[in-house]
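Visitor: I would like the atomic coordinates for the input below:
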Amino acid sequence: MSSLPLSSPAPEPTSTATPAEPAALPAHQPAAGDLAVLAARAAGDDLLAPPVRLDNVVPAPERVEADPSASFVVTGDTAIRVTAHPGARAVAEHLAELLRPATGFPLPVADTPDVEPTGTLMLTLATTPANPTATPHRSIGLGAEGYRLDVTGAEVRVIAETTTGLFYGVQTLRQLLPAAVESQTPVVAHWALPGGTILDRPRFPYRGAMLDVARHFFAVEDVLRVIDHLARYKLNHLHLHLTDDQGWRIAVDSWPKLTAVGGATEVGGGPGGHYTKADYQRIVSHAAARHVTLVPEIDLPGHTNAALVAYPELAPDKLAPPPYTGTEVGFSYVDPADERTYDFIADVLGEVAALTPGPWLHIGGDEAFKVKGAVYTGFVERAQRIVADTGKTVVGWHQLAPAAHTDGRVLQWWGTDAKDPATADAVQRGARLILSPGNHAYLDMKYAEDTPIGHDWAGLIDVRRAYDWDPGTHVAGVPSTAVLGVEAPLWTESVTSLTDIEYLLLPRLPAIAELGWSPRAAHDWAGFRERLAGHGPRWSTAGITFHRADEIPWPAAPTIPRQHTAPDNDTTSH
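Guide: As a prediction, the model looks like this:
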């Protein structure tokens, strides 16, 4: 994407072929003053080696060139300098917010001066045709999301062609600092970054996760925390499953009983809930600030019992069904023969589209067992046209495949058998795929037989199973150029709390993130499990719940010397 404000979505590439080699930048040569600063630092910090290796990053970068002789130490005198651009300035403020709590340092943020000082963290936008006013560094060929990170003894510099690239460079920088950086209170640590250069950009343009807020409702704050987890690992889409048999979670002004009635239930008989338009806008804004695009799903024509309870006129028999709090599927559907149904769909999708700045509208389409054959495809084709009328691009589960193609159509494939002729045929007619194979990417599956929550209908998914597959070749007859990316869904029939969410997300979410971001040549289970292990102490320090999977060599929990007494917030097991 061009260098735009944080809420602007990136254009979607039409091919996932290997991108051109990025142009090399001349290495920064420290001046005499820089060398003096470096020498003074070395004398003051007892030449302590940085605790993190430059290649110890998840997802794995495209290229790493370490310089063991150099490291940069963040101190109380360190400042952040940034290209004079609103989006870049927002990324710089985000970096400061990440580092200030643990370090206790002020880390002031200022626009780049004419003469760049030493001892700084630099965020620089390179010149591109779409960004002619940026600081005049030449284009570096890293595209809409790529970045270059250079660490010397005198400075740290992140260079990118977009604010999104700068943001992802910051996420890498964060991982290169000690795990104690995740603390929300000041701690005593040697804040060293390992020296060298990273050149990095994603394999696929779409990298995401799905959160089902319909089976169980989750508060806005929980969704914001999930977005933060996605951003940490360079995932750029959050798919919200907003409607299902058990609850309707998004306010629609023209059909108010959808939330007043349909939103008052959830699995197990809990109170349910819904997002007001202001709530939804808060989620959208938080996501945009972290370069995450929201993908709202209104599931049609099935999974609609909550809507039918609210508006019986949409039901085939025009009778209100009882509220549903179980977990079965496939029994409900809106009447495909009634024009009122399509008025409803147009109103709902129109309002949701108006609230959503991203390009996608997801219409579900799965498990509509009672709407078959030509009736089903006719319904889908009409729903797809309604989406197009909103100006959005339609996304649906791969059951949409037999319907006629519309421009840009995306199918989300969740099968467990990679031989799927109907989906391959849809791709030949122009569809693109998001890969979410149920037996690799469904994060509601149990890790092992004794996992306390989750399902096993698609099999048990440990971390290695989540990691060991290739989205580019997974579905027979589908070329890698038709694969838009990957998504890890989390259905919530058995998930009732943020703790449950985090337990099932981590540590498998970083595995899916690496499949979506890293070049296939970097795929290496032995290396990944070692890199992932270092994130356990980070999650522990941040108070994030995760599953201590047996196949990951987790280090011992860190003992962090704190500058101020604070309660222990380590919740690392379910």
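Visitor: switch to C-alpha atoms for all contacts and neighbour counts from now on
Guide: Noted.
Visitor: pretty sure Val261 contacts Val309?
Guide: Yes. Taking contacts as Cα atoms under 8 Å, Val261 lies within contact range of Val309: 7.2 Å.
Visitor: Check which helices and strands the lengthiest strand in the chain sits against.
Guide: Longest strand of the chain, by residue count under DSSP state E: strand 63-73. Under the contact criterion of 3 or more Cα pairs under 8 Å, 6 or more residues apart in numbering; DSSP states H and E, strand 63-73 touches strand 147-151, strand 192-200.
Visitor: before we move on, back to that, could you check which of Val261 and Val309 has the larger neighbour count?
Guide: Neighbour tally, Val261 and Val309, criterion other Cα atoms under 10 Å: the higher count belongs to Val309, 23 against 19.
Visitor: Skipping its backbone neighbours, what lies nearest that one in space?
Guide: In this structure, Val309 finds its nearest non-sequential neighbour in Ala320, 5.0 Å apart by Cα to Cα, 6 or more residues apart in numbering.
Visitor: cool, Arg508 as well?
Guide: Nearest non-adjacent residue to Arg508 (Cα to Cα, 6+ apart): Val463, at 5.4 Å.
Visitor: Can you get me a residue count around the one you found?
Guide: 23.
Visitor: Now His241, what are its backbone angles?
Guide: Dihedral pair for His241: phi -80, psi 100, per degrees, to the nearest 10.
Visitor: Surely it touches His303?
Guide: No. Using Cα under 8 Å, His241 is not in contact with His303; the gap is 10.9 Å.
Visitor: got the contact list for Ala92?
Guide: Ile80, Arg81, Val82, Val109, Leu123 (Cα atoms under 8 Å, 6 or more residues apart in numbering).
Visitor: Dig out what the second one forms beta bridges with.
Guide: What that stands for is Arg81. Arg81 forms beta bridges with Ala110, Met122, as assigned by DSSP bridges.
Visitor: neighbours of Pro113, just the number please.
Guide: Neighbours around Pro113, by other Cα under 10 Å: 11.
Visitor: who's in contact with the residue nearest to Arg508?
Guide: Under the criterion of Cα under 8 Å, 6+ apart, the neighbours of Val463 are Tyr447, Pro507, Arg508, Ala511, Ala549, Glu551.
Visitor: quick one: the fifth one from Ser497, how far?
Guide: By that I understand Ala549. 20 Å (Cα to Cα, to the nearest Å).
Visitor: can you pull the pLDDT of the residue nearest in space to the middle of the chain?
Guide: In the chain, the centroid-proximal residue (Cα atoms, centre = their mean) is Leu235; its distance is 2.9 Å. At Leu235, the pLDDT value in this model is 99.
Visitor: Verify the stated contact: it with Val292.
Guide: Yes. Using Cα under 8 Å, Leu235 is in contact with Val292, at 7.2 Å.
Visitor: Residues contacting the longest strand of the chain, please?
Guide: In contact with strand 63-73 (Cα under 8 Å, 6+ apart) are residues 41, 50, 54-55, 151-156, 190-200.
Visitor: Just the C-alpha atoms of it, please, in CSV.
Guide: This file holds the C-alpha atoms of strand 63-73, laid out as CSV (Å, rounded to 0.1, in the frame of the first residue of the first chain):
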residue,chain,number,x,y,z
ARG,A,63,17.0,-12.6,5.1
VAL,A,64,19.2,-12.1,8.2
GLU,A,65,22.9,-10.9,8.2
ALA,A,66,24.2,-10.9,11.7
ASP,A,67,27.1,-8.8,12.9
PRO,A,68,28.3,-10.4,16.2
SER,A,69,30.7,-7.5,16.8
ALA,A,70,27.9,-4.9,17.1
SER,A,71,25.0,-4.3,19.4
PHE,A,72,22.9,-1.3,20.3
VAL,A,73,22.0,-0.6,23.9
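Visitor: quick one: strands adjacent to that strand?
Guide: strand 192-200 (antiparallel).
Visitor: After the strand it pairs with, heading C-terminal, what element do we hit next?
Guide: Sequence-wise, the next helix or strand downstream of strand 192-200 (DSSP states H and E) is strand 206-212.
Visitor: list the buried ones in the helix or strand just after that following strand?
Guide: Downstream of strand 206-212, the first helix or strand assigned by DSSP H and E is helix 220-232. Buried residues in helix 220-232, counting neighbours by 16 or more other Cα atoms under 10 Å, are found at Val223, Leu224, Val226, Ile227, Asp228, His229, Leu230, Ala231, Arg232.
Visitor: same thing with stretch 389-409?
Guide: Buried residues in stretch 389-409 (16+ other Cα under 10 Å): 390, 392-406, 408-409.
Visitor: Might one say that Leu314 is in contact with Leu308?
Guide: Yes. With contacts counted by Cα under 8 Å, Leu314 reaches Leu308, the gap being 6.0 Å.
Visitor: who's more crowded, these two?
Guide: Set Leu314 next to Leu308 and count neighbours by other Cα under 10 Å: Leu308 wins out with 27 against 24.
Visitor: got the contact list for the helix or strand encompassing the more buried one?
Guide: In this structure, Leu308 sits in helix 305-310 according to DSSP H and E. Helix 305-310 is contacted from outside by 243-248, 257-258, 261-263, 314-315, 320-324, 332-334, using Cα under 8 Å, 6+ apart.
Visitor: Write the ChimeraX selection for whichever of these are buried.
Guide: Buried residues among these (16+ other Cα under 10 Å), as a ChimeraX selection:
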select :243,244,245,246,247,248,257,258,261,262,263,314,315,320,321,323,324,332,333,334
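Visitor: What's the local residue count around the closest residue to Gly104 other than its chain neighbours?
Guide: Using Cα to Cα, 6+ apart and skipping the chain neighbours, the partner closest in space to Gly104 is Pro186 (5.1 Å). Pro186 has 21 neighbouring residues, counting by other Cα under 10 Å.
Visitor: Tell me the spacing between Pro186 and Ser540.
Guide: Distance, Pro186 to Ser540, using Cα to Cα: 16 Å.
Visitor: now do Met210
Guide: On the measure of Cα to Cα, Met210 and Ser540 end up 24 Å apart.
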